[in-house]
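Undergrad: got a structure for you, letters missing:
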């Protein structure tokens, strides 16, 4: 320290020898202190800022922040005993409990009694949901399981999300209110900004919960979407760039936690809905409405959450069961944690059976998509091949079979568009895109009967796995895929209409050059094939070009096919209706 006036403890005091000189400006604060009375000032010791914690491990034991006697404290589990400490230490660092101003939830209290079993805790929580909400019984089981699950998240690899949707006054907010009280250290809010969620995730010392109401505008908040998309899987982080006055740093936020949302509608965001178990809410008649909650009800709920906190501490070394489940993929990620926390409980069988139903419903939903129908058609065409297998499937064969499967209708003026009741207009471009993106098909062109057609080649191993995903079985004994020549309609499609067409379309008596030029196959075989293809399609769903294509497919040249079609229409075996469709007479 410099020996100057301002560094003296007597500076500007009555004990200073040169006080008057300082007041008159003769001496300045920076002037050397040449008097014999100089006494250096003592350095101010900076007190370390207190470090606040809500949970963790200390030298005293595993701790959780609570309130006792209206003051923040730590509940510490030391061996088999519980103790209350004002502060705890770890590696010579002291920690203080977070007070109610530093947390977004009601502080926990101290529960003196014995902690009930997991079975009893489940039914206590379940009874609260039964009292205040009116939904199907299985959803009450699920919500109670989620509340217990929130206290064991460190032991999970994935966590489920809950999405409550429905009209006003359907009970969505009541469910979130109950979860806010019963779940582990949650943050509950309405349309919470992404920055606030990041702040909460950064501040909480354990894995908490995010509860958000009115999320219908979430599709506009890309930062929040990242949190939900990444946060269902353990270890997932979301990076954010933070600009300071002199630096630019990237901070990684751990977004893994249980989350529940509510809205009137489910946001249509790709990759968002798949993370949620969706619960449809309607206005009901619960035993007790949330607006009628009494002081005794709240005390009972807070006592229950204090039991759950103590149970969390007692079960710290408990390993979650690992039940064997039949589902795979996203369904397994959502439901296995629920089955883990309820394993060995009386409710387990109910939930397990419900999950199996969910698996079947998910498979039905997959099969009833456009992609599901395309996978079905390609799988069937592959399995029907028994003669002359080749390495490709013609697109026209897939298109006609898909038309039949979807009960669609092709406009003669727009042959590239199929009109369906379920998927509206389906275009060839859309089907081709699905063949490439969903089934990994490779587009190619091949020559069949002297004409060039578009076709798709499929990797059999990939096709087998994709078919299994949609609930279909691929026969893999054949080394190659069938061409359109080797594909025949199943017996169930050979209706009376087809038989009638075959009988009415006889070979003309005089074919002239045609009959002389066609030896193998015969003209009769070409007519029978074209007639059978016509019968397999929907009524009034064959164009002249389609019929010509089928004739050429069986070996006739373009000129021969056109002459034969003209002869058949002249004789009255075939005719064009008012809309231009080719029909039998």
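TA: Received, thanks. As the structure is a computational prediction, the values presented were derived from the model and not from experiment. Numbers count the residues shown, from 1 in each chain.
Undergrad: what about the residue nearest to residue 59 when sequence neighbours are not counted, how many residues close to it?
TA: Leaving aside its chain neighbours, residue 59 sits nearest to residue 89 (5.1 Å; criterion: C-beta to C-beta, 6 or more residues apart in numbering). The C-beta positions use only the backbone N, C-alpha and C, and glycine is treated the same way. Per other C-beta atoms under 10 Å, the neighbour tally for residue 89 reads 12.
Undergrad: Which residues are in contact with residue 89?
TA: Neighbouring residues of residue 89 by C-beta atoms under 8 Å, 6 or more residues apart in numbering: 58-60, 95.
Undergrad: Out of the residues you listed, which comes closest to residue 190?
TA: Comparing the contacts of residue 89 against residue 190 with C-beta to C-beta places residue 95 closest, at 32.3 Å.
Undergrad: Bridged to the closest one, which residues?
TA: residue 51, residue 88 (DSSP bridges).
Undergrad: Just to check, it is in contact with residue 52?
TA: Yes: counting by C-beta atoms under 8 Å, residue 95 does reach residue 52; the two are 7.2 Å apart.
Undergrad: Distance from the chain centre to stretch 328-342, please.
TA: Stretch 328-342 has its C-alpha centroid displaced from the chain centroid by 13 Å (C-alpha atoms, centre = their mean, to the nearest Å).
Undergrad: ok so, going back, buried ones among the contacts of residue 89?
TA: Neighbour counting by 16 or more other C-beta atoms under 10 Å classes 58, 60, 95 among the contacts of residue 89 as buried.
Undergrad: Out of these, which is nearest to residue 112?
TA: Nearest member of these to residue 112, counting by C-beta to C-beta, is residue 60, at 19.5 Å.
Undergrad: I'd like the distance between residue 206 and residue 64.
TA: Here the criterion is C-beta to C-beta, to the nearest Å. By it, residue 206 lies 9 Å from residue 64.
Undergrad: Neighbour count for these two, which is higher?
TA: Remark: of residue 206 and residue 64, residue 64 carries more neighbours, 24 against 16, as counted by other C-beta under 10 Å.
Undergrad: what packs against whichever strand or helix holds that one?
TA: Element membership for residue 64, per DSSP states H and E: strand 62-68. Contacts defined by 3 or more C-beta pairs under 8 Å, 6 or more residues apart in numbering; DSSP states H and E place strand 62-68 against strand 55-57, strand 71-78, strand 81-85, helix 295-314.
Undergrad: For residue 174, find the nearest of the ones you listed.
TA: Of all these, helix 295-314 comes closest under C-beta to C-beta, at 12.5 Å.
Undergrad: between the closest one and strand 81-85, how big is the angle?
TA: Interaxial angle, helix 295-314 versus strand 81-85 (axes from the mean of the first three to the mean of the last three C-alpha atoms, to 10 degrees): 110 degrees.
Undergrad: packing partners for the next helix or strand after helix 295-314?
TA: Helices and strands here follow DSSP H and E; after helix 295-314, the next one along the chain is helix 329-341. Contacts defined by 3+ C-beta pairs under 8 Å, 6+ apart place helix 329-341 against helix 137-149, strand 276-281, helix 348-367.
Undergrad: Tell me which of the ones you listed is the most buried.
TA: Among the helices and strands packed on helix 329-341, helix 137-149 has the highest mean neighbour count (mean count of other C-beta atoms under 10 Å), at a mean of 22.
Undergrad: For the strand holding residue 64, buried residues please.
TA: 62-68.
Undergrad: Tabulate those residues (a markdown table), appending pLDDT and distance to residue 10.
TA: Listed next are these as a markdown table, based on pLDDT from 0 to 100; distance: C-beta to C-beta, whole Å:
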| residue | pLDDT | distance to residue 10 |
| --- | --- | --- |
| 62 | 94 | 54 |
| 63 | 95 | 49 |
| 64 | 95 | 52 |
| 65 | 95 | 48 |
| 66 | 96 | 51 |
| 67 | 95 | 49 |
| 68 | 93 | 49 |
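Undergrad: Which members of those define the maximum pairwise distance?
TA: It's 62 and 67 that sit farthest apart of these, by C-beta to C-beta, at 18.3 Å.
Undergrad: pull the helix or strand with minimum mean pLDDT from this structure.
TA: helix 496-504 (a mean of 36; mean pLDDT, DSSP states H and E).
Undergrad: what's the spacing between stretch 243-257 and its chain's center?
TA: On C-alpha atoms, centre = their mean, the centre of stretch 243-257 falls 26 Å from that of its chain.
Undergrad: Need the pLDDT of the residue nearest to residue 59.
TA: Listed pLDDT for residue 89 reads 94.
Undergrad: Likewise for residue 324?
TA: 88.
Undergrad: Repeat that for residue 440.
TA: The per-residue pLDDT of residue 440 was computed as 91.
Undergrad: who touches it in this structure?
TA: Counting by C-beta under 8 Å, 6+ apart, residue 440 touches 458-459, 462-463, 466.
Undergrad: Give me the buried entries from those residues.
TA: Applying 16+ other C-beta under 10 Å to the contacts of residue 440, the neighbour count classes 458, 463, 466 as buried.
Undergrad: ok, back up a step: got any residues that touch both of residue 206 and residue 64?
TA: Joint contacts of residue 206 and residue 64 (C-beta under 8 Å, 6+ apart) are 54-55.
Undergrad: Tell me, how many residues neighbour the closest residue to residue 94 other than its chain neighbours?
TA: Nearest non-adjacent residue to residue 94, counting by C-beta to C-beta, 6+ apart: residue 87, 5.3 Å away. A count of neighbours around residue 87, defined by other C-beta under 10 Å, yields 15.
Undergrad: Flag the shaky bits of the stretch 101-250 of the chain, pLDDT-wise.
TA: Counting by pLDDT under 70, the stretch 101-250 of the chain contains no low-confidence range.
Undergrad: what are the ranges of the strands in it?
TA: Shown for the stretch 101-250 of the chain, the strands assigned by DSSP state E, counting those that start in this stretch span residues 161-166, 186-190, 209-213, 237-243, 248-254.
Undergrad: got CSV for those, with distance to residue 356 too?
TA: Formatted as CSV, the strands of the stretch 101-250 of the chain follow (distance: least, C-beta to C-beta, whole Å):
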stretch, distance to residue 356
strand 161-166, 20
strand 186-190, 31
strand 209-213, 28
strand 237-243, 34
strand 248-254, 33
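Undergrad: Out of the ones you listed, which is closest to residue 379?
TA: Going by C-beta to C-beta, the one of the strands of the stretch 101-250 of the chain nearest residue 379 is strand 161-166, 33.1 Å.
Undergrad: contacting residues for the closest residue to residue 10 other than its chain neighbours?
TA: Closest residue to residue 10 apart from its sequence neighbours, by C-beta to C-beta, 6+ apart: residue 16 at 4.6 Å. For residue 16, the contacting residues are 8, 10, 22, 37, by C-beta under 8 Å, 6+ apart.
Undergrad: likewise residue 323?
TA: Counting by C-beta under 8 Å, 6+ apart, residue 323 has contacts 336, 339-340, 343, 352.
Undergrad: Which one of the helices and strands packed on strand 62-68 lies nearest to residue 188?
TA: helix 295-314 (13.4 Å).
Undergrad: So what's the gap between that closest one and the chain middle?
TA: 32 Å.
Undergrad: The residue lying closest to residue 126 once chain neighbours are set aside: what's it in contact with?
TA: Sequence neighbours aside, residue 144 is the residue nearest to residue 126 in space, at 3.8 Å (criterion: C-beta to C-beta, 6+ apart). Contacts of residue 144 were listed using C-beta under 8 Å, 6+ apart, and they are 122-123, 125-126, 129.
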